[in-house]
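*Asks:* when you get a sec, could you give me coordinates for this:
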Amino acid sequence: MSDHNAWPRIQLLELPQINQVHDYSIEILQKTGIRVDSQKARELFKHSGGASVKDGMVYISRELADHAIKSAPETVNVYAQTGEPAFSLGKEQGRETYFGIGVTNSWFQEIETDKVVPFRREHMQYSSSLGDILDNYDMVSTIGIPSDCSPEKSDLYSTLDMYACTKKPIVLLVQGENKIEEVFSLLNYMHGDISTKPFCIPYVNLITPLVLNESTTEKMIASIEMNLPVIFSNYSMYGGTSPATGAGTLALLNAELLAGLVFSQLVKEGSKIILGSLPAAFNMTNMGSYYTPQSYLLNLACAEMMAYYGIPHCGTSGSNNGRGADLPAAGHLWLNHLTSCIGKVGCVPFVGGNFDSMAFSPALAVLSDLVIAETRTFARGFDLNDETVNLEEINKLGPAGNFFTSEQTLSLLTGKPVRSELWPSLNLKQWEDQKMPRADDELIAYTCELYKKARLKTEDSRDIIAKGDEFIANMRPLP
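*Replies:* Okay, the predicted model is just below:
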């Protein structure tokens, strides 16, 4: 990107406000504390010299939090399965935001009818291949929870199917207790060493408000010992599991992230961690969650806090309460993706879910791919310098001239569509002559075409899947 680039940006918090949020969060950690369920984790805090432990509660000092901020890496490098660099998060990221397809849906939304059916392994395979095909996704996250395999082996089959059907980095959401080491064993068998050039990123959540549960700490320890970067995130419904105000929720969520950061550095100083929040609102009518303008502001505020700390960031994805690739879903995608790309959001790994990430929709994932392309183009701005202004050409053509065949026009625009050709520009007569095609019908047809390619692509992975199936069938549970 040129030094003369004119690029759009969004900034929510000023430096005094960032310092104020940090102080509020530190006070929460010092006075309210965080409940830590694991004895092993409590011992790490106890022996740190910067935390006190009493009755299962841990109280973290400002000094310990500040030390953890300084010791965590400012950049996390992520690789493709081929070993080639995929992207970097944090200090060396630049202004790019990285997107992923997922995450942990229980249902699959059929493309042509929007009917939902239980999520199955075939959906994981074909949808992972779809994510591999779509250019604007940078990673594939655990897309769903397959209903056609036992709960004891669900995480293994999900990981295998993602690994087999994409070469992009994968984000792992391991559901089962004490299963993450089995997942690593599978990946090491299938791939070889997964530590040197990590292409898989385990994702963990604590329980809001202020509970660092045992499952989360055990997964963090296993991942850090494997030298893998970890996404440590929290999810809240303001007015339910966090304060009703944006300010209160931001202070609380930031305190939780700092607690996770401290724990990661106590496990191993310098361990790679990515922090972020998935803020939402609490709906008192149906006792569920939904995204609002305030929740998107909180997403941006969290990203700005992490940029201030120098910690790589993971944000929310706009998976929403849409009913398909419909108007409500499109609105959320645009608001989330555009603000993410012009804000300081690092990665956005969970796109494609409807009904609050209950049902994965291939059509929504395809629509989002198009939105990502346009928001990235918008976020990159344009160069502003002598060459791009080209006063010589303006002076040459002069008043009443045109630029249709100018050298600059021909070199920049010839053969390049202004936007996606999915929806070609039609005048009124062309639209009527074509029997008034609906944009959503064209999206469905385009998605069907891409999904057919994804199914065919998956067939090339059958040998890999069979190899993994055999390993899983013969695997003995780890002690």
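*Asks:* what residues are bridge-paired with the closest residue to residue 361 other than its chain neighbours?
*Replies:* When the adjacent residues along the chain are set aside, residue 361 lies closest to residue 109, with 4.1 Å between them (CB to CB, 6 or more residues apart in numbering). The C-beta positions use only the backbone N, C-alpha and C, and glycine is treated the same way. According to DSSP bridges, the residues that bridge with residue 109 are residue 116.
*Asks:* return the helix or strand in the chain with minimum mean pLDDT.
*Replies:* Every helix and strand of the chain was ranked by mean pLDDT, DSSP states H and E. The lowest is strand 288-290, at a mean of 77.
*Asks:* that one - contacts with which helices or strands?
*Replies:* Under the contact definition 3 or more CB pairs under 8 Å, 6 or more residues apart in numbering; DSSP states H and E, strand 288-290 sits against strand 273-283.
*Asks:* same thing but 10 Å
*Replies:* Contact here means 3 or more CB pairs under 10 Å, 6 or more residues apart in numbering; DSSP states H and E; on that basis strand 288-290 packs against strand 230-238, strand 273-283.
*Asks:* for those, which one sits closest to residue 214?
*Replies:* Counting by CB to CB, residue 214 lies closest to strand 230-238 out of the helices and strands packed on strand 288-290; the figure is 14.9 Å.
*Asks:* as JSON lines, the helices and strands packed on strand 288-290 with mean neighbour count, mean pLDDT and distance to residue 159 would be great.
*Replies:* Rendered in JSON lines, the data for those read as follows (neighbours: other CB atoms under 10 Å; pLDDT from 0 to 100; distance: least, CB to CB, whole Å):
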{"stretch": "strand 230-238", "mean neighbour count": "24", "mean pLDDT": "95", "distance to residue 159": "16"}
{"stretch": "strand 273-283", "mean neighbour count": "25", "mean pLDDT": "91", "distance to residue 159": "19"}
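*Asks:* who wins for proximity to residue 250 among those strands?
*Replies:* Residue 250 sits nearest to strand 273-283 of all the helices and strands packed on strand 288-290, at 8.3 Å, using CB to CB.
*Asks:* so which elements touch that closest one?
*Replies:* Using 3+ CB pairs under 10 Å, 6+ apart as the contact criterion, the secondary-structure elements in contact with strand 273-283 are strand 75-79, strand 200-205, helix 214-225, strand 230-238, helix 246-267, strand 288-290, helix 293-309, strand 347-351.
*Asks:* point out the most buried one among those.
*Replies:* strand 347-351 (a mean of 29; mean count of other CB atoms under 10 Å).
*Asks:* can you tell me what sits against the helix or strand immediately after it in the chain?
*Replies:* Using DSSP states H and E, the helix or strand that directly follows strand 347-351 along the chain is strand 353-354. By CB atoms under 10 Å, 6 or more residues apart in numbering, the residues outside strand 353-354 that reach it are 101-105, 107, 109, 114, 116, 143-144, 317-326, 328-329, 359-361, 363-365.
*Asks:* C-terminal to strand 353-354, what's the next element?
*Replies:* Counting by DSSP H and E, the element after strand 353-354 in chain order, helix or strand, is strand 359-360.
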